[in-house]
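Asker: here is my input, please return the structure:
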Amino acid sequence: MARLLQHLTKAVMTTVAVLAISLNINAQEWYIYGEFTWSAPHPVGDFHEHLYQGEAVTINGLEYNTIEVVSEATGNHTAGAFRNEDNQVYFCNWNGASFDDEVLLYDYDLTVGEFFHDDDDHPMKVTEVTTIIDNNGVSRKKISFEFLGLPDASEFWIEGVGSSRGFIYVGMYEAAHNSNGEMYHLLCYHVNDNVVYVNPEYNDCDIDDVEENAFNNEVGIYPNPANSTIKILNNSFGVKSVEILDLTGRTVLSTTQTDDIDISEIAEGQYFVRIIGENTIVRKLFVTK
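Answerer: Model (predicted):
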């Protein structure tokens with residue numbers, strides 16, 4: 001009986017995980033590393049972006065979720081809205097005033113030899129379909145592409161996660177950049193602060209430079225580095241809770257305190273402090289010693 005219950009429990013957990021992949025029912029976050037690949041007068045250097053699932057919206061009678069972007073390059077803005085239907089993901093771009101007509105952003109039913117964006121100058125051709133295991137032990141389809149006419153360009157998709165370029169950056173038509181001189185690389189994907197997938201080309205989730213809102217430069221942590229306690233400085237936006245996360249996104253401490261937060265039991269290393277306010281969230285990097 002015990003073994004039967006174990007099998008049933010495992011089956012239920014697997015079913016829930018698969019549903020979460022197909023329906024995207026949880027809060028999702030993507031962390032992106034970007035590069036400016038053109039020289040002046042365009043910017044030169046690199047930047048970070050944080051993409052996250054926003055509020056539910058109705059467009060033409062269909063239910064979507066917005067995609068919000070926090071970027072060093074472009075600031076905070078709504079990028080668009082997405083919805084899932086079977087193994088397809090549809091996206092409506094936000095043009096600054098309204099949502100554009102939806103386009104097919106992902107088709108996870110593609111097979112080897114099929115094309116995506118086949119009406120473009122450099123369509124994406126599926127070269128391989130394999131399976132990977134994410135950080136939670138769930139199997140996910142991996143679809144790899146080449147770009148016709150661009151021998152040095154490539155991309156891959158992870159089912160339920162998105163492109164190796166980041167969720168909304170499908171189809172980088174140049175080998176090193178898009179038409180704006182920008183190149184995007186997915187670092188990692190979270191669901192409810194749980195790291196689900198880390199891009200093996202990077203093996204980390206270096207997001208310490210991402211500013212989640214305008215309060216980021218006004219809120220501080222003292223002392224930093226610290227070895228026993230920390231306090232949140234400038235509690236001007238009404239802190240509701242404070243979370244400390246390791247670099248994989250795992251929560252190691254959660255509290256409603258803002259003063260004399262005990263970190264003595266946390267191992268030495270680098271962590272993120274996630275400060276949650278009434279209407280905003282600030283993420284700060286700090287070091288324990």
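
Asker: excluding its backbone neighbours, what's nearest residue 140?
Answerer: Using Cβ to Cβ, 6 or more residues apart in numbering and skipping the chain neighbours, the partner closest in space to residue 140 is residue 159 (4.6 Å). All C-beta atoms are positioned from the backbone trio N, CA, C, and that covers glycine.

Asker: ok, now which ones touch that neighbour?
Answerer: 21, 87, 108, 140-143 (Cβ atoms under 8 Å, 6 or more residues apart in numbering).

Asker: buried ones among those?
Answerer: Buried members of the contacts of residue 159, counted by 16 or more other Cβ atoms under 10 Å: 21, 108, 140-141, 143.

Asker: tell me where the stretch 1-150 of the chain has helices.
Answerer: Assigned by DSSP state H, counting those that start in this stretch, the stretch 1-150 of the chain shows helices spanning 2-23.

Asker: residue contacts, the closest residue to residue 82 other than its chain neighbours?
Answerer: Closest residue in space to residue 82, ignoring its immediate chain neighbours: residue 91 at 4.9 Å, by Cβ to Cβ, 6+ apart. Residues in contact with residue 91 (Cβ under 8 Å, 6+ apart) are 67, 80-82, 102-105, 168.

Asker: from these, which two are the most distant?
Answerer: Spatial extent of those (Cβ to Cβ) is set by the pair 67 and 104 at 15.6 Å.

Asker: these two - which one has more neighbours?
Answerer: The neighbour comparison of residue 67 against residue 104 (other Cβ atoms under 10 Å) goes to residue 67, with 23 against 13.

Asker: any idea how far residue 53 is from the closest residue in space to that one that isn't next to it in sequence?
Answerer: Nearest residue to residue 67, sequence neighbours excluded (Cβ to Cβ, 6+ apart): residue 79, at 4.6 Å. Note on residue 79: its distance to residue 53, by Cβ to Cβ, to the nearest Å, is 11 Å.

Asker: then residue 102?
Answerer: 17 Å.

Asker: do the same with residue 188
Answerer: Distance of residue 188 to residue 53, given as Cβ to Cβ: 15 Å.

Asker: same thing with residue 146?
Answerer: For residue 146, the distance to residue 53 (Cβ to Cβ) stands at 30 Å.

Asker: cool, residue 27 as well?
Answerer: Taking Cβ to Cβ, one finds residue 27 at 6 Å from residue 53.

Asker: more neighbours: these two, which one.
Answerer: The neighbour count for residue 27 versus residue 53, taken as other Cβ under 10 Å, is higher for residue 53 (19 against 13).

Asker: hmm, residue 69 and that one touching each other?
Answerer: No. Look at residue 53 against residue 69 with Cβ atoms under 8 Å: they stay out of range, at 11.6 Å.

Asker: now do the contacts for residue 27.
Answerer: 52-53, 191-192.

Asker: ok, 6 Å please
Answerer: Residues near residue 27 by Cβ atoms under 6 Å, 6 or more residues apart in numbering: 53, 192.

Asker: quick revisit: which ones among the buried ones among the contacts of residue 159 lie within strands?
Answerer: Among the buried ones among the contacts of residue 159, the members falling in strands (DSSP state E) are 140-141, 143.

Asker: possible to save the residues you listed as TSV with pLDDT and distance to residue 98?
Answerer: Putting these into TSV (pLDDT from 0 to 100; distance: Cβ to Cβ, whole Å) gives the following:
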residue	pLDDT	distance to residue 98
140	95	34
141	96	34
143	97	32
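
Asker: how much space separates residue 61 from residue 264?
Answerer: In terms of Cβ to Cβ, residue 61 sits 55 Å off from residue 264.

Asker: quick one, which of the two is more surrounded?
Answerer: Each of residue 61 and residue 264 has its neighbours counted (other Cβ under 10 Å); residue 264 has more, 9 against 5.

Asker: let me know the secondary structure of that one.
Answerer: Here residue 264 is recorded as coil under DSSP: H, G, I helix; E, B strand; the rest coil.

Asker: excluding covalently adjacent residues, which one is nearest to it?
Answerer: Closest to residue 264 by Cβ to Cβ, 6+ apart is residue 228, at 5.0 Å.
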